[in-house]
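Q: kindly generate the corresponding structure for this input.
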Amino acid sequence: MSKLEQLITELCRNGVEFKTLGEVSVIKRGERVTKSQLKDDGDYPVISGGVTPLGYYEKCNRFSGTITIAQYGTAGYIDLQKRDFWANDVCYSVFPIKTINNKFLYYCLMNNQRYIYSLKTNAIPAHLPITNLESVLIPIPPLPVQEEIVRILDNFTELTAELTAELTARKQQYEYYRKKLLTFDENYSCMTISDIAIKISSGGTPNSGTSLYYDGDIPWLRTQEVDWVDINDTCIKITQEGLNNSSANWIPVNCVIVAMYGATAAKVGINKIPLTTNQACCNIQVDARKANYRYVFYWLCNEYEKLKAKGQGSQSNINAQIIKEYKIIVPSLTEQEQIVSILDKFNSLTTNLTDGLPAEIAARKKQYEYYRGKLLTLPKLNSEV
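A: Have a look, this model is predicted:
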């Protein structure tokens, strides 16, 4: 029998009491600071209605370890702050009373994350009323049980944190070697992307108002799916009618695809299946006699900041002509293959969702969520006993 099972048998034989969040905690809103008062960096992050800090401020009004829940924005988003911070006026802070462990309460709330999201209003903008939040039911086992559950769940989160830190280190290592391997002296020949391509094309978008053009079986790629990875499928499929009535075209496997517009502008991917794309994708069919397509992919990954800097507008949009004229150093095919072989290993470790660290992290998170749900599914107190 585990320690937790022993504690539950001894202390919760007849079940545990459930109380509302309003009964076991004090929920306070923060204080407003305006954007003009914020800095890009500073002593204290400002936690507001988003997943990431709104900015930084010179003062704090909450301490590390405080549970926060967004009232507006990503209404219902729960977090446990790792440092002192400033809680903005659309951020709830949750302070448990003495009968409940702060970390235990956080895990209980996280176990109800989806439900808490559902408590927001349908108004525009959507928000989470404090009365809805206060109604969430929380199990209240004796403190020794709470502490043991926290200990078990902390072990899961610490392991995930270690793996995440290792992934960050591996990504930095990968970027270091990529830069080193793709730095050449003046003896190497320099070409343009157009010089090493058989064909460079973009695609098109079928009329979104014509249902006949969508939900088919033709993979159709959008720029938001171009994110440094091999592309094995697309979120949206179009029909043959949609293909025939738009500028979308089939491209063969192993094209290097560069996003030209939007948030992913200048990011790169490789299609591992034949597919079609929208007009914001620049599709480079590499001439295998001149360059290894994965070498071109890694070159453009390494040049991301420089290529993006050539863009215009708030999202640094680029165009096909910029990509065609972009310079690339082309060593011998043998040397390209050697570089690709090394970088493929790093890339697999840091991005592969079936093999590398991302896959292990995803598995640990699922395991954590499973055990969190299991550990926090406690029987209600039998009032008749």
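Q: please enumerate the helices of this protein.
A: Per DSSP state H, the chain has helices spanning 3-11, 21-24, 102-111, 113-118, 130-134, 143-181, 240-244, 293-302, 304-309, 320-324, 333-351, 357-375. These are given in chain order.
Q: which one of those helices is the most hemmed in?
A: Using mean count of other CB atoms under 10 Å, the stretch among the helices of the chain with the largest mean neighbour count is helix 293-302, at a mean of 23. All C-beta atoms are positioned from the backbone trio N, CA, C, and that covers glycine.
Q: would you turn the helices of the chain into CSV with mean pLDDT?
A: Shown next, in CSV, are the helices of the chain (pLDDT from 0 to 100):
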stretch, mean pLDDT
helix 3-11, 72
helix 21-24, 95
helix 102-111, 94
helix 113-118, 95
helix 130-134, 96
helix 143-181, 85
helix 240-244, 96
helix 293-302, 97
helix 304-309, 94
helix 320-324, 96
helix 333-351, 88
helix 357-375, 75
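Q: do you know which of those lies nearest residue 264?
A: With CB to CB as the measure, helix 304-309 is the member of the helices of the chain nearest residue 264 (10.1 Å).
Q: quick revisit: ok, which of the helices of the chain comes nearest residue 65?
A: In this view, the helices of the chain are compared for proximity to residue 65 by CB to CB, and helix 102-111 is the closest at 6.3 Å.
Q: what angle do the closest one and helix 143-181 make?
A: Note on geometry: by axes from the mean of the first three to the mean of the last three CA atoms, to 10 degrees, helix 102-111 and helix 143-181 are set 70 degrees apart in direction.
Q: these two touch, right, residue 191 and residue 325?
A: No: taking CB atoms under 8 Å as the contact criterion, residue 191 and residue 325 are not neighbours in contact, 10.7 Å apart.
Q: so those two - more neighbours on which side?
A: residue 191 (15 against 12; other CB atoms under 10 Å).
Q: without its sequence neighbours, what residue ends up closest to the more buried one?
A: Among residues not flanking residue 191 along the chain, residue 330 sits closest, at 5.2 Å (CB to CB, 6 or more residues apart in numbering).
Q: if I pick the one you found, what's in contact with it?
A: Under the criterion of CB atoms under 8 Å, 6 or more residues apart in numbering, the contact list for residue 330 reads 188, 189, 190, 191, 196, 290, 291, 336.
Q: cool, and residue 231?
A: Applying CB under 8 Å, 6+ apart, we find residue 231 in contact with 221, 225, 257, 269, 270, 271, 272, 273, 275.
Q: quick one, which of those residues are buried?
A: If you count burial by 16 or more other CB atoms under 10 Å, the buried members of the contacts of residue 231 come out as 221, 225, 257, 269, 270, 271, 275.
Q: I'd like the residues you listed as TSV, with distance to residue 204 and pLDDT appended.
A: Rendered in TSV, the data for the buried ones among the contacts of residue 231 read as follows (distance: CB to CB, whole Å; pLDDT from 0 to 100):
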residue	distance to residue 204	pLDDT
221	12	97
225	16	95
257	15	98
269	18	96
270	21	97
271	16	97
275	13	98
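Q: and the residues you listed, which is closest to residue 4?
A: The closest of these, once distances to residue 4 are taken by CB to CB, is residue 225, at 43.1 Å.
Q: so how far is residue 264 from that closest one?
A: Distance from residue 225 to residue 264, counting by CB to CB, to the nearest Å: 8 Å.
Q: do residue 210 as well
A: Distance from residue 210 to residue 264, counting by CB to CB: 26 Å.
Q: picking that back up, among the contacts of residue 231, which ones are in strands?
A: Mapping the contacts of residue 231 onto strands (DSSP state E) picks out 221, 257, 269, 270, 271.
Q: quick revisit: what's the closest of the buried ones among the contacts of residue 231 to residue 62?
A: For the buried ones among the contacts of residue 231, the closest approach to residue 62 (CB to CB) belongs to residue 225, at 38.1 Å.
Q: list the residues that contact that closest one.
A: Contact partners of residue 225, counting by CB under 8 Å, 6+ apart, are 231, 234, 235, 269.
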